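Asker: sequence plus the predicted model coming up.
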Amino acid sequence: MAMKEIAKNTRAVEVAGLAVSLVALAVSLFIFSYFRSLKCSRTKIHVNLFSAMLIQVLCRLVLYIDQYVARLVAGEIAGAAAGTSGTISDTRVVCEALYILMEYTWTVMFMWMFIEGLYLHNQITVSVFSDGPNFKLYHCIGWGVPLIITIPWVITVAVTLPPTEGCWLGIEFLTTYWIIQGPRLVIFAIINLTFLVIIISVLVNKLKESRSSEAEQVRKAVKAAILLLPLLGITNIMGMVKPPSDTVVAYGVYSYTSHILSSFQGFLVALFYCFLNGEVRQALSKHWDRYWQRKGQYRRTSRSQSLYTSETEVQSTFPGKGFVKIQLAKSTQKSKLNNGVHVQDKTSGSSCEPDTTTL
C-alpha cells in the first residue's frame, strides 16, 4: 500500500516537472528564434536539442494524462471491458506511435549532445573555420542517425511482442530494448565523455598560455556540458533499472530520484543553456529597456498633442490672441518629439558569441 502511494505521488511530481520543462523549453525556443543577436551556430545546435526535448516531453505528458483519463473511465464504468474507454491507451496504433516518437526523440537528444561536444571540440582545437559548421551534416547526424537506430528496434518489438500485450508498456525492461539503448550508451559513455576529456585538456593548456576572452567563453560552455552530460546519462540509465522492491525506503528513494531527474531535465537544460546565458540576458535587458523607452516616448507624444489641442481651442475662443501660444505649443511638441527619438538597436547586427553561462 505504501509503495502504491509512493508511485502515485511520484507520478504527480513527474507530471509537474514535465509541465515546468515544457514551459521552459518553449520560452527558450522563442527567445532563440526572436532575437537576431542570438542566431549563431551554437544556438542553432541548442534549438535542435531543445526541439527534441520538447517533443519528448509532449509525448510523455500526453501518455500520462491519457492513462489518468483511462483509469477514471474504468472507475466510473463498472465492469468496462479493456479497449472500450476510447482513450489513446486503447487505440493501439496511436499509442505505439507516441512511444516510438518518444524513444526516437530521446535518441535525437543524445545525438545533439554529441554534436554539442563536436562543435566545442572543433571550436577549441581548430584555429580557422573556412566555411563554418556544416549544418546539413549536423542535421543528418542529429535527426537521421536516430531514425536508422530506431527503425530496427521498432520492427523487432512489433514482431516479438505478443498482440495481447496491448500498448508498449514496460518495453524498456525487455532485452530488445538494447537495440536502441546500446547506441545511446556508446554515444554517452564513450564518444561524449572522450570529447569532454580532450576539450578540457586542450582548454587547460590554452588558459595557461593566455586568458583570452574566447578561451574564457569556451571554458564556461564546457562547464555547462560537464553538468548536463551526466544529467542525461544518469537519467537514461536509471530508466532501465527496475525499481527495488525490497524495502519501502529503497523504492521511495529510487522513485523520487529517477522521476525528478527525468521530468525536470528539460528545465535544467533550458536553465544552463538559455536563462543563465550571458548573451541571452543581455538581449533581454536591451529589449526591456527599449520597451520602456518607447512607452515613455508615447506618453510624451500624447502630452504634446493634448497641449496642442488645448491651445487651438483657446485660439478659437479668443481670435487673434492665441497665435503666440500656438507657436509655443508647436515648438514644444517638436522639441519633445526630437528628444524622444528611438535609439537604434545595436544588437541586430552583433555577432553571437559562444555561451557565457554563469555557473
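Answerer: Looks like it came in fine.
Asker: CA atoms for contacts and neighbours, from now on please.
Answerer: Fine.
Asker: just give me the neighbour total for residue 109.
Answerer: Close neighbours of residue 109, defined as other Cα atoms under 10 Å, add up to 24.
Asker: OK, contacts around it?
Answerer: Residues near residue 109 by Cα atoms under 8 Å, 6 or more residues apart in numbering: 49, 52, 53, 142.
Asker: next step: those restricted to helices.
Answerer: Counting by DSSP state H, the contacts of residue 109 place 49, 52, 53 in helices.
Asker: adding pLDDT, write those residues out as TSV.
Answerer: Formatted as TSV, the ones in helices among the contacts of residue 109 follow (pLDDT from 0 to 100):
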residue	pLDDT
49	94
52	96
53	95
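Asker: hang on, the earlier thing: if any of the contacts of residue 109 are buried, give me the ChimeraX selection for them.
Answerer: Here is the ChimeraX command that selects the buried residues among these (16 or more other Cα atoms under 10 Å):
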select :49,52,53,142
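Asker: now render the contacts of residue 109 as CSV, adding distance to residue 5.
Answerer: Converted to CSV, the contacts of residue 109 look like this (distance: Cα to Cα, whole Å):
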residue, distance to residue 5
49, 35
52, 32
53, 29
142, 39
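Asker: out of the contacts of residue 109, what pair is the most spread apart?
Answerer: Largest separation among the contacts of residue 109 by Cα to Cα: 53 and 142, giving 12.7 Å.
Asker: so the chain: which segments form each domain?
Answerer: Taking automatic domain parsing as the criterion, the chain consists of the domains 2-276, 287-339.
Asker: mind checking which helix or strand the nearest residue to residue 243 once chain neighbours are set aside is in?
Answerer: Once flanking residues are discounted, residue 243 sits nearest to residue 251: 6.0 Å by Cα to Cα, 6 or more residues apart in numbering. Using DSSP states H and E, residue 251 sits in helix 248-270.
Asker: now do the buried residues in the host helix or strand of residue 107.
Answerer: Per DSSP H and E, residue 107 falls inside helix 92-125. Judged by neighbour count using 16+ other Cα under 10 Å, the buried positions of helix 92-125 are 92, 95-96, 98-121, 123-124.
Asker: what do you get for stretch 86-93?
Answerer: 87, 88, 89, 90, 92.
Asker: okay if I get these as JSON lines plus secondary structure, pLDDT and distance to residue 262?
Answerer: Shown next, in JSON lines, are the buried residues of stretch 86-93 (DSSP: H, G, I helix; E, B strand; the rest coil; pLDDT from 0 to 100; distance: Cα to Cα, whole Å):
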{"residue": "87", "secondary structure": "coil", "pLDDT": "81", "distance to residue 262": "25"}
{"residue": "88", "secondary structure": "helix", "pLDDT": "84", "distance to residue 262": "23"}
{"residue": "89", "secondary structure": "helix", "pLDDT": "78", "distance to residue 262": "22"}
{"residue": "90", "secondary structure": "helix", "pLDDT": "79", "distance to residue 262": "26"}
{"residue": "92", "secondary structure": "helix", "pLDDT": "82", "distance to residue 262": "25"}
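Asker: out of the residues you listed, which one sits closest to residue 177?
Answerer: residue 92 (19.3 Å).
Asker: how about the contacts made by the nearest residue to that closest one once chain neighbours are set aside?
Answerer: The shortest distance from residue 92 to any non-neighbouring residue, by Cα to Cα, 6+ apart, is to residue 167 (5.8 Å). Applying Cα under 8 Å, 6+ apart to residue 167 gives the contacts 89, 90, 92, 95, 96.
Asker: try 10 Å this time
Answerer: The neighbours of residue 167, taking Cα atoms under 10 Å, 6 or more residues apart in numbering as the test, are 88, 89, 90, 91, 92, 93, 94, 95, 96, 97, 99, 161.
Asker: just residue 31 next, same as before
Answerer: Going by Cα under 10 Å, 6+ apart, residue 31 touches 25, 38, 39, 274, 275, 280, 283, 284.
Asker: make a markdown table from these and add pLDDT, neighbour count and secondary structure to it.
Answerer: Formatted as a markdown table, those follow (pLDDT from 0 to 100; neighbours: other Cα atoms under 10 Å; DSSP: H, G, I helix; E, B strand; the rest coil):
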| residue | pLDDT | neighbour count | secondary structure |
| --- | --- | --- | --- |
| 25 | 97 | 26 | helix |
| 38 | 88 | 23 | helix |
| 39 | 87 | 19 | coil |
| 274 | 91 | 25 | helix |
| 275 | 92 | 21 | helix |
| 280 | 90 | 22 | helix |
| 283 | 89 | 18 | helix |
| 284 | 90 | 15 | helix |
